[in-house]
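Asker: coordinates only, sequence not included:
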């Protein structure tokens, strides 16, 4: 009987550990505003979340490191979907610990010059969004946020698997837009 309970406990713990981790900033929380050096199409500029939110919602996604397999896949998927984000009035910004010179190259090759990526070399923004990878704290966890123009987080998703971030953030934006248009 004890062996069976141990097996169930082990199976339960394994199942829980397979679930995506949840980000600490919850839906309804105010998004921490920030300004970072960023690059789009190899051009460096200062990205301000406050300024971007004046134009519409923002999809803020954190990723571990430029030019790694999962981050390249995710960047390609965001680039492929950028017209859908624009149709929803959204800005996409990726953030990692990488230095700006690395992101200048990444913004051209992997982001295909379609959206900006920002350098959070001191990890202040990652920490403020609780997007630090626990197992390797020098990197960001793969966490996506959708932020409404009033600085409110309307969606959050954390999973190192890059396959659902674009699909999920687009769905969240569509739901926010539908609710926003009807005044809910």
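Answerer: Ah, there it is. Fair warning: this is a prediction, and the values are worked out from it, not measured in the lab. Residues are numbered from 1 along each chain as shown.
Asker: In the protein, where is pLDDT below threshold?
Answerer: Along the chain, segments meeting pLDDT under 70 span 1-24, 182-184.
Asker: in it, which spans are helices?
Answerer: Taking DSSP state H as the criterion, the chain carries its helices at 2-18, 49-53, 69-80, 82-87, 100-109, 124-128, 165-181.
Asker: Identify the residues contacting the most centrally placed residue in the chain.
Answerer: When CA atoms, centre = their mean is applied to the chain, the residue found nearest the centroid is residue 61 (1.6 Å). Contact partners of residue 61, counting by CB atoms under 8 Å, 6 or more residues apart in numbering, are 74, 78, 92-95, 142-145, 165, 169. C-beta: built from backbone N, CA, C; applies to glycine.
Asker: Residues in a beta bridge with residue 146, which ones?
Answerer: Beta-bridge pairing of residue 146 under DSSP bridges involves residue 59, residue 155.
Asker: Report how many residues lie close to it.
Answerer: Each residue near residue 146 was counted by other CB atoms under 10 Å, and the total is 27.
Asker: start to end distance for stretch 148-161?
Answerer: End-to-end distance for stretch 148-161: 25 Å, by CA to CA, to the nearest Å.
Asker: Residue 161 - how many residues pack around it?
Answerer: By the other CB under 10 Å criterion, the neighbourhood of residue 161 contains 11 residues.
Asker: Over to the one 10 residues further on?
Answerer: Under the neighbour criterion other CB under 10 Å, residue 171 is assigned a count of 13.
Asker: distance of it from residue 59?
Answerer: Taking CB to CB, to the nearest Å as the criterion, residue 171 is separated from residue 59 by 12 Å.
Asker: again, but for residue 146
Answerer: Using CB to CB, we find residue 146 at a distance of 6 Å from residue 59.
Asker: again with residue 103
Answerer: Computed as CB to CB, the residue 103 to residue 59 distance reads 17 Å.
Asker: and what of residue 95?
Answerer: Counting by CB to CB, the gap from residue 95 to residue 59 is 11 Å.
Asker: So for residue 164, what's the nearest residue that isn't a sequence neighbour?
Answerer: Residue nearest to residue 164 in three dimensions, not counting chain neighbours: residue 157, with 7.2 Å by CB to CB, 6 or more residues apart in numbering.
Asker: I'd guessed that neighbour sits against residue 167; true?
Answerer: No. Using CB atoms under 8 Å, residue 157 and residue 167 do not qualify as a contacting pair, with a distance of 9.9 Å.
Asker: Comparing those two, which residue is more hemmed in?
Answerer: Neighbours per residue (other CB under 10 Å) separate residue 157 from residue 167, with residue 157 holding more: 19 against 12.
Asker: And that one, how close does it get to residue 163?
Answerer: The gap separating residue 157 from residue 163 is 11 Å, by CB to CB.
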